[in-house]
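>>> what follows is a predicted structure for the sequence shown.
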Amino acid sequence: MNAQARLERAKRRTGWLAAIGAVSMIGAAYAAVPLYRLFCQVTGYNGTVSRAEAEALPDAARLAALHGRTIKIRFDATTDAGLDWEFRPEKSVNEVKIGEKVLAYYEAWNREGTPVTGRAVYNVSPDTAGAYFRKIDCFCFTEQTLAGGERVRMPVVYFIDPAILDDPSANRISEITLSYTFYPMDKTADAALSRTAQPDLLKKG
């Protein structure tokens, strides 16, 4: 094999390796979004609401020790420009007892004449409250399909973990804001990446 042939072969090999590397990086980026969201849901990191099972609710003795301590919850709702839905909380503010299970509702209305599927991206503020806002059930855990003109109520079942009172960085919080933004399904991963994962992935890179 002459030098020219060896050079062409090396170029082709380099090209294939570059293509494989690019595809791998794209796949890793998309995989990072759900994995990052799962990490945030478990830990409450970066203002992401922590997901919990009903069994995690404090028992009666723990609730009694709290002496009815309350905290104010503010609800916020927005929609992406590409989703023609009306989306809002039924109540914008609610004062709840720390440790008790609470049910809240959002309303969504598909103003289009055809079915549309969306999914909510969410977080809480201040960020330090994320680990203590524990959601048991929520419409944001799954995609939502609304028929043309359909209007639905979407429940959120949650509680504020009493451990918030033991955290020096969080025990003075008097108000927590739970925010949702609904996106068309094809934008949900990008939204999650831009709102949470991307800055931290860039820092780690």
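Received, thanks. Please read these numbers as outputs of a predicted model, since none were measured by experiment.
>>> every contact and neighbour count from this point should use C-alpha atoms.
Fine.
>>> wasn't Leu63 part of a helix?
Yes. Under DSSP: H, G, I helix; E, B strand; the rest coil, Leu63 sits within a helix.
>>> how about it, what does it touch?
98-100 (C-alpha atoms under 8 Å, 6 or more residues apart in numbering).
>>> just the buried subset of these, please.
Taking 16 or more other C-alpha atoms under 10 Å as the criterion, what is buried in the contacts of Leu63 is 98-100.
>>> got the contacts of Leu63 as a markdown table, with distance to Leu178 columns?
Formatted as a markdown table, the contacts of Leu63 follow (distance: C-alpha to C-alpha, whole Å):
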| residue | distance to Leu178 |
| --- | --- |
| Ile98 | 15 |
| Gly99 | 17 |
| Glu100 | 17 |
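>>> now the buried ones among the contacts of Leu63 as CSV including secondary structure?
Output for the buried ones among the contacts of Leu63, formatted as CSV (three-state DSSP):
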residue, secondary structure
Ile98, coil
Gly99, coil
Glu100, coil
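>>> closest one of those to Arg172?
Nearest to Arg172 among the buried ones among the contacts of Leu63, counting by C-alpha to C-alpha, is Ile98 at 13.1 Å.
>>> who's in contact with the closest one?
For Ile98, the contacting residues are 63, 66, 68-71, 159-162, by C-alpha under 8 Å, 6+ apart.
>>> relative to Thr78, how far out is it?
Separation of Ile98 from Thr78 (C-alpha to C-alpha, to the nearest Å) stands at 27 Å.
>>> for Pro89, same thing?
The gap separating Pro89 from Thr78 is 10 Å, by C-alpha to C-alpha.
>>> Ala104 now?
With distances taken as C-alpha to C-alpha, Ala104 is found 17 Å from Thr78.
>>> Ala56 now?
In terms of C-alpha to C-alpha, Ala56 sits 30 Å off from Thr78.
>>> quick one: which of these two has more around it?
Thr78 (16 against 12; other C-alpha atoms under 10 Å).
>>> before we move on, what SS does that one have?
Going by three-state DSSP: Thr78 is strand.
>>> give me the pLDDT value at the closest residue to it other than its chain neighbours.
Nearest residue to Thr78, sequence neighbours excluded (C-alpha to C-alpha, 6 or more residues apart in numbering): Thr181, at 4.7 Å. On the pLDDT scale, Thr181 is placed at 95.
>>> can you check the one 10 residues further on too?
According to the prediction, Ala191 has pLDDT 51.
>>> cool, Ala3 as well?
As predicted, Ala3 sits at a pLDDT of 53.
>>> swap in Arg51?
Looking at Arg51, its pLDDT is 59.
>>> low-confidence regions, this protein specifically.
For the chain, residues meeting the criterion pLDDT under 70 lie at 1-55, 187-205.
>>> one more time with 90
Across the chain, the ranges flagged by pLDDT under 90 are 1-67, 122-123, 140-142, 185-205.
>>> helices of that one, start to end?
With DSSP state H as the criterion, the chain has helices at 3-43, 60-65, 185-192, 198-204.
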